[in-house]
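In: the sequence isn't on hand, but the structure is:
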């Protein structure tokens, strides 16, 4: 048990001192926040908000393209 504690303790000390590890961990946190913001804005089912607006816009553009091709 003590050997495991020392191993974990030393690993955490190295991570704390490693600036590259801290920066990459910050990128992971920022990426998670961006993903959460996008999921909140667009939703997961496009039933409301920006998802509906995008779906309507894409449908309008597609209908114009189909009309122009005919």
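Out: Okay, I see it. No experiment lies behind these values; they were computed from the predicted model shown.
In: what's the longest helix belonging to the chain packed up against?
Out: Secondary structure assigned by DSSP state H gives helix 19-42 as the longest helix of the chain. Counting contacts by 3 or more CB pairs under 8 Å, 6 or more residues apart in numbering; DSSP states H and E, helix 19-42 packs against helix 2-17, helix 50-69. C-beta coordinates here come from the backbone N, C-alpha and C atoms, glycine included.
In: orientation of that helix relative to helix 2-17 in degrees?
Out: 80 degrees (axes from the mean of the first three to the mean of the last three CA atoms, to 10 degrees).
In: give me the distance from helix 19-42 to the chain's centre.
Out: 6 Å (CA atoms, centre = their mean, to the nearest Å).
In: cool, and stretch 51-70?
Out: 27 Å.
In: mean confidence for it?
Out: What stretch 51-70 shows for mean pLDDT is 83.
In: what residues of it count as buried?
Out: Neighbour counts over stretch 51-70 (16 or more other CB atoms under 10 Å) mark no residue as buried.
In: so which residues make contact with stretch 26-36?
Out: Outside stretch 26-36, not one residue touches it by CB atoms under 8 Å, 6 or more residues apart in numbering.
In: could you give the average pLDDT over that stretch?
Out: Per-residue scores along stretch 26-36 average to 84.
In: start at 745 instead
Out: Right, with 745 as the first residue, what we last looked at is stretch 770-780.
In: tell me what angle the longest helix of the chain forms with helix 794-813.
Out: Using the same axes, to 10 degrees: helix 763-786 against helix 794-813 is 70 degrees.
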